[in-house]
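Asks: Have a look at this fold, sequence not included:
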């Protein structure tokens with residue numbers, strides 16, 4: 001349920017609505033837009049009184065709310081995700097991230113500018129990370145990606161340097177001014193990773209790790225939520241709802257390919273995710289064509305397609321020597337390939353009325 005307030009509504013009018021909701025055992029999440037103020041009603045009962053949705057505590061709640069001062073209308077939302085829905089927040093959410101390398105010191109994800117996030121899949125050494133960071137920054141990347149903790153299908157695969165990798169990422173940020181995005185894998189690691197990272201990444205295997213989602217929600221740190229490898233849009237947006245419901249509004253969705261019957265590529269990149277998500281939700285959505293295809297020769301074309309389809313940022317793996325990478329070298333661009341791709345991305349972004357921010 002969504003309560004839409006009139007333009008003339010005061011803080012006391014809004015507080016009155018919140019009090020009515022509280023008396024019904026519900027909670028209200030406020031969203032102030034340019035044209036209207038919206039209150040999303042959250043609770044835990046269906047119209048029949050069973051657990052799972054909203055509104056069953058009082059079948060006349062909608063009429064009660066509509067009669068309150070300066071309430072314009074009450075709309076029932078059919079989607080199970082409320083806070084992530086376009087109805088709750090008609091205007092696009094823009095997530096701001098501090099980055100010293102850009103003018104004004106802030107990168108905005110979800111607006112007219114397209115953002116480049118690039119770096120190695122995994123932090124392997126100081127030399128590897130610094131070489132990559134310097135190269136991608138020179139070409140216009142403003143956010144540095146790099147995994148300190150890495151999930152691996154095999155227990156014998158490289159699983160990252162842990163906190164030492166986080167310290168190297170922080171050193172690269174100090175050196176080149178880029179913001180840092182890195183993966184967090186467990187609820188107990190959220191506080192530690194947040195000390196180093198500007199953006200917390202939740203990987204595909206953890207999209208439905210609800211304890212992790214809750215903890216990231218309580219951290220209030222910007223979070224990139226990757227789509228589960230076999231997840232529907234509804235499941236993906238409900239995972240985002242977990243973070244949003246804990247008070248963290250800085251959520252960014254990431255399409256990284258889904259698992260299908262096709263074996264030629266590592267995953268099947270769903271380009272339709274970008275326009276469709278923008279219809280369903282107000283949250284920014286970015287593209288990871290490296291994970292999305294698993295093939296270095298497809299990263300460039302899928303990056304261009306993603307920007308054309310509406311991606312707000314790209315998350316690309318780059319390595320000084322991908323053939324010797326400890327993890328996912330087959331899907332990592334060389335520094336030269338990344339340098340070739342950037343002018344092409346500028347051209348596509350300009351063609352669709354956007355710009356690629358570089359500093």
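Replies: Here it is on my side, so go on. Just so it is clear, the model here is predicted, and its values are computed rather than measured.
Asks: quick one: low-confidence parts of this protein?
Replies: 44-59 (pLDDT under 70).
Asks: domains in it, as residue ranges please.
Replies: Per automatic domain parsing, the structural domains of the chain span 2-75, 95-356.
Asks: Mind putting those into CSV with distance to residue 87 and mean neighbour count?
Replies: C-beta here means a position set from N, CA and C on the backbone, and glycine is covered the same way. Output for these, formatted as CSV (distance: least, C-beta to C-beta, whole Å; neighbours: other C-beta atoms under 10 Å):
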stretch, distance to residue 87, mean neighbour count
domain 2-75, 6, 15
domain 95-356, 9, 20
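Asks: Now tabulate the ones you listed in CSV and tack on distance to residue 86.
Replies: Supplementary listing: the domains of the chain in CSV, determined by distance: least, C-beta to C-beta, whole Å:
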stretch, distance to residue 86
domain 2-75, 11
domain 95-356, 6
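Asks: out of those, which comes closest to residue 89?
Replies: Proximity of those to residue 89 was assessed by C-beta to C-beta; the nearest stretch is domain 95-356, lying at 4.0 Å.
Asks: what distance separates the start and the end of the closest one?
Replies: One end of domain 95-356 sits 16 Å from the other (C-alpha to C-alpha, to the nearest Å).
Asks: now do stretch 100-114
Replies: Distances were taken as C-alpha to C-alpha; on that basis the terminal residues of stretch 100-114 are 17 Å apart.
Asks: my guess is residue 94 meets residue 284, correct?
Replies: Yes. Here residue 94 reaches residue 284: they are 7.2 Å apart, a contact under C-beta atoms under 8 Å.
Asks: which residues are common contacts for these two?
Replies: When C-beta atoms under 8 Å, 6 or more residues apart in numbering defines a contact, the residues bordering residue 94 and residue 284 alike are 109-110.
Asks: who's the residue sitting nearest the centre point of the chain bridged to?
Replies: With distances taken as C-alpha atoms, centre = their mean, the residue of the chain nearest its centroid is residue 252 (1.7 Å). Counting by DSSP bridges, residue 252 forms beta bridges with residue 224.
Asks: So which residues of this structure form helices?
Replies: Listed in chain order, the helices of the chain (DSSP state H) span 11-23, 61-66, 126-139, 163-176, 190-196, 210-219, 233-245, 273-280, 289-293, 296-309, 335-351.
Asks: and of those, who's closest to residue 184?
Replies: Across these (criterion: C-beta to C-beta), the nearest stretch is helix 190-196, sitting at 4.4 Å.
Asks: which residue sits farthest out from the middle of this structure?
Replies: For the chain, the C-alpha farthest from the mean C-alpha position belongs to residue 67; by C-alpha atoms, centre = their mean, that distance is 37.4 Å.
Asks: still on that earlier bit, a markdown table please, covering the helices of the chain and showing distance to residue 101.
Replies: As requested, those are arranged in a markdown table below (distance: least, C-beta to C-beta, whole Å):
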| stretch | distance to residue 101 |
| --- | --- |
| helix 11-23 | 39 |
| helix 61-66 | 47 |
| helix 126-139 | 7 |
| helix 163-176 | 6 |
| helix 190-196 | 17 |
| helix 210-219 | 24 |
| helix 233-245 | 27 |
| helix 273-280 | 26 |
| helix 289-293 | 22 |
| helix 296-309 | 21 |
| helix 335-351 | 15 |
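Asks: Looking at the ones you listed, which is nearest to residue 317?
Replies: If you check each of the helices of the chain against residue 317 by C-beta to C-beta, helix 289-293 wins as the nearest, at 4.0 Å.
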